[in-house]
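Participant: Take a look and give me a structure for this.
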Amino acid sequence: MGSAVMSTHLLDEYNHVLCGPSQTSTYEAQAMLSIASRTGILLSAIVLSLTAPAQAQTRLLETSFGDVEVPTDPSRIVATHTVAALPLVELGFVPVGTRAFVENQTALDVWEQVKDIPVVIAGGEANIEAIAALDPDLIFETNAAPDDVVEKLRQIAPVVIVGVRGADRSDWQNRAYQIADAVGALERWQELEEELAERQARIADRYGDFLAEHPIAIWSSWDATAPAIYASQSTAGSVLLPTGAIFADGVEAVPYEESEPQISLEQIGPVLGDAAIVFHSTDHRDTPVDPVDEIRALDIYQRVPAVAQGREFPIGTVTIAGYTNAFYLLDSFEAVLEELTAEIE
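Facilitator: From the prediction side, this is the model:
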């Protein structure tokens, strides 16, 4: 009898939670109990429904590399490359694992957020064991990763591929959009896009006439024997073109394929020679990397007309992975334009 009373009490409690205090009569509850006592199903179903963990909700995401079913509210994200990790941080999602950031190539406010993130890259590829140990619910990988690595990652969590090769390399804004779409942060992405457009428009309004008459060249180097040219097709070019910047014919003539083209030291004069202003890359602390400084010290470089005339300037990081890089580039660019136009006035 006591067992029947207890079971009736449980049914009353369950009915109260699901249906409200007046939806089911005591008589009906007793009838339900009679059925449950014969089948052994109802009470078990009640307990399971109350104690089972909620299933994560998902949605279908369309990407440049196919559709992916992703969580609607990801909370443990791994990004195997900084081209995905930086936009995630800008969107308000600090990854639980990523590729190592380099301090002097990272904005100070970003560095404080990423410096202690576990590194999940070993030997240039994703460390599958390390990633699995982080229990991610979403992973970002690049289209440079081997297929077998991607398949292993998919056994851990949904994988969103972002492009860093071919035509995708320079389209950093679309990459940022797809990352924002994947994590449900399109509103924040739109805010960043609007800030970028406002900065570009301001520079175009103030210095558009000056830029129309002063074509620019941008270069960097990770090998002191071969400068890399960043023309209009580069990520830096995509940031500066809306400001009214015009790239000199010499740098535009260098064939651009899947990445920034490198030239020989002997080509420095012909490639940079017709630029009215020459910019070289730096880190996020305005310091050129060693290969850049080595080339800058060469006589062949010092004889470039713009350099000889004192129109050579640092411009910040020129490989744009996110809005932080773009804003830094624009700030450096605008500061140079302010200096040069003040000389004219």
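
Participant: Name the SS class of Gln190, please.
Facilitator: Following DSSP: H, G, I helix; E, B strand; the rest coil, Gln190 is assigned to helix.

Participant: Run through the strands of the stretch 201-345 of the chain in chain order.
Facilitator: 216-220, 228-229, 277-280, 312-314 (DSSP state E, counting those that start in this stretch).

Participant: So which of these is nearest Ala100?
Facilitator: Between Ala100 and the strands of the stretch 201-345 of the chain, the shortest gap by Cβ to Cβ is with strand 216-220, which sits at 20.3 Å. For every residue, glycine as well, the C-beta is placed using N, CA and C.

Participant: before we move on, which element is Gln200 in?
Facilitator: Assessed by DSSP states H and E, Gln200 sits inside helix 186-212.

Participant: Counting neighbours, which bits of stretch 178-195 end up buried?
Facilitator: Gln178, Ile179, Ala180, Asp181, Ala182, Val183, Gly184, Ala185, Trp189, Leu192, Glu193 (16 or more other Cβ atoms under 10 Å).

Participant: mind giving me JSON lines with those and columns for distance to Val159 and pLDDT?
Facilitator: Converted to JSON lines, these look like this (distance: Cβ to Cβ, whole Å; pLDDT from 0 to 100):
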{"residue": "Gln178", "distance to Val159": "13", "pLDDT": "95"}
{"residue": "Ile179", "distance to Val159": "13", "pLDDT": "97"}
{"residue": "Ala180", "distance to Val159": "17", "pLDDT": "98"}
{"residue": "Asp181", "distance to Val159": "15", "pLDDT": "97"}
{"residue": "Ala182", "distance to Val159": "10", "pLDDT": "98"}
{"residue": "Val183", "distance to Val159": "14", "pLDDT": "98"}
{"residue": "Gly184", "distance to Val159": "17", "pLDDT": "97"}
{"residue": "Ala185", "distance to Val159": "18", "pLDDT": "98"}
{"residue": "Trp189", "distance to Val159": "21", "pLDDT": "98"}
{"residue": "Leu192", "distance to Val159": "24", "pLDDT": "98"}
{"residue": "Glu193", "distance to Val159": "26", "pLDDT": "98"}
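
Participant: which among those gets closest to Val96?
Facilitator: Val183 (13.1 Å).

Participant: got a list of what the closest one touches?
Facilitator: Residues near Val183 by Cβ atoms under 8 Å, 6 or more residues apart in numbering: Pro74, Ile77, Leu88, Leu91, Phe93, Leu138.

Participant: Columns pLDDT, secondary structure and distance to Leu108 on top of those residues, output as JSON lines?
Facilitator: Below are the contacts of Val183 laid out as JSON lines (pLDDT from 0 to 100; DSSP: H, G, I helix; E, B strand; the rest coil; distance: Cβ to Cβ, whole Å):
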{"residue": "Pro74", "pLDDT": "97", "secondary structure": "coil", "distance to Leu108": "27"}
{"residue": "Ile77", "pLDDT": "98", "secondary structure": "strand", "distance to Leu108": "23"}
{"residue": "Leu88", "pLDDT": "98", "secondary structure": "helix", "distance to Leu108": "18"}
{"residue": "Leu91", "pLDDT": "98", "secondary structure": "coil", "distance to Leu108": "19"}
{"residue": "Phe93", "pLDDT": "98", "secondary structure": "coil", "distance to Leu108": "19"}
{"residue": "Leu138", "pLDDT": "98", "secondary structure": "strand", "distance to Leu108": "27"}
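
Participant: How many residues are close by Arg206?
Facilitator: Arg206: 16 surrounding residues under other Cβ atoms under 10 Å.

Participant: An error on my part: the question was meant for Phe247.
Facilitator: That count, for Phe247 with other Cβ under 10 Å as the rule, works out to 22.

Participant: I'd say it and Gly237 touch.
Facilitator: Yes. Using Cβ atoms under 8 Å, Phe247 is in contact with Gly237, at 6.6 Å.

Participant: what's the overlap in contacts for the two?
Facilitator: Joint contacts of Phe247 and Gly237 (Cβ under 8 Å, 6+ apart) are Ile218, Ala231.

Participant: what about the strands in the stretch 51-200 of the chain?
Facilitator: Using DSSP E, counting those that start in this stretch, strands in the stretch 51-200 of the chain cover 58-61, 68-71, 77-79, 97-98, 121-122, 125-126, 138-142, 159-162.

Participant: Pick the most buried one from those strands.
Facilitator: strand 77-79 (a mean of 29; mean count of other Cβ atoms under 10 Å).

Participant: what comes into contact with that strand?
Facilitator: 85, 88, 93, 95-99, 120, 131, 134, 136-140, 157, 183.

Participant: please redo it, this time with the cut-off set to 6 Å
Facilitator: Ala85, Leu88, Phe93, Pro95, Gly97, Thr98, Ile131, Pro136, Leu138, Ile139, Phe140 (Cβ atoms under 6 Å, 6 or more residues apart in numbering).
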